[in-house]
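1. Provide a 3D model corresponding to the input given below.
(one chain, ligands or ions: 1)
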Amino acid sequence: MRKYKQLFFDLDHTLWDFATNERITLNQLYDSYNLKSHFSSFNEFYERYVPINADLWALYRNWEIRKTDLNTGRFHNTFLTAGLDDVEMAEKFSLDFIRQNSLKTNVMPFTFDLLEYLKPHYTMHIITNGFIETQKLKLEVSGLRPYFKNIFISEEIGAQKPKIAFFEYAIKSSNAKKTESLVIGDSLEMDILGAKNFGLDHVYYNPYSIPHKEKVFKEIKSLNELIGWL
Ligand SMILES: [Mg+2]
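-> Here you go, the predicted structure:
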């Protein structure tokens, strides 16, 4: 007898390999925008971009900046570190990035093995913090969409993980019972603490074994550990 009936998966970094896809897209744009005349290497550009992007995302999550400030700002600020002050270029770069990145199809190891294994036994949903158009495109193009009944996107719901309102909306809309629901995600802060605070069992996918002190229901290093456990 299976304990769970409904599974709620995070998308970015849990199923869709965000880090790989983002790096490939940025590398392509680095070339097409001829950024080598401003940076010494792609790695230098990328290493400056990563923390700038993370800081702006944190501000966006707290409603301190708007979506456009995040999208354009992360590139404008990265360009500024090389003395390149060009907002228009940052805007165009951002649009190209969003469009091209959403079309990338790399997924985390064992994603499709796991989904095929789970498909006959569970109703599955996506719970993601992100933008409607990009998340939907990623799901379609990567072939993930058919596995999921509902796609819950923070921009559509008007609340982001780890807010209880987000989880409450997803559970209610799926007609799920909390005791029969399981959340699977890679973010301790957003997926795991969010699920915990709302009283849902959860699996922390921690592929790089990042140390932490949080008490979690279950932790895995690879998605294939769920084959057999579920
Ligand atoms: Mg994630």
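2. what's the burial count for residue 220?
-> Other residues within reach of residue 220, judged by other CB atoms under 10 Å, total 15. The way it works is simple: take the backbone N, C-alpha and C, and place the C-beta from them, glycine included.
3. show me the contacts for it.
-> 203, 204, 205, 206, 226 (CB atoms under 8 Å, 6 or more residues apart in numbering).
4. tell me which parts of this structure are close to the ion?
-> Contact residues (CB under 5 Å from the ion) of the chain with the ion: 10, 12, 13, 14, 186, 187.
5. Let me have these in CSV, adding pLDDT as columns.
-> Converted to CSV, the residues of the chain next to the ion look like this (pLDDT from 0 to 100):
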residue, pLDDT
10, 98
12, 97
13, 97
14, 98
186, 98
187, 96
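6. Export those residues to CSV and append columns for neighbour count and secondary structure.
-> Below are those laid out as CSV (neighbours: other CB atoms under 10 Å; DSSP: H, G, I helix; E, B strand; the rest coil):
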residue, neighbour count, secondary structure
10, 24, coil
12, 20, strand
13, 17, coil
14, 24, coil
186, 22, coil
187, 19, coil
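7. Considering these, which is situated nearest to residue 28?
-> Nearest to residue 28 among those, counting by CB to CB, is residue 12 at 19.1 Å.
8. Pull the distance from the particular helix or strand that has residue 171 in it to the chain's centre.
-> Using DSSP states H and E, residue 171 falls within helix 164-173. Here helix 164-173 shows a centroid-to-chain-centroid distance of 18 Å under the convention CA atoms, centre = their mean, to the nearest Å.
9. For the chain, just list every one of the strands.
-> Residue ranges of the strands in the chain, as given by DSSP state E, are 6-9, 123-128, 150-153, 181-185, 201-205, 218-220.
10. so which of the ones you listed comes closest to residue 92?
-> Closest of the strands of the chain to residue 92 is strand 150-153, at 25.0 Å (criterion: CB to CB).
11. Can you list the strands that the closest one pairs with?
-> Using DSSP bridges, strand 150-153 pairs in its sheet with strand 123-128 (parallel).
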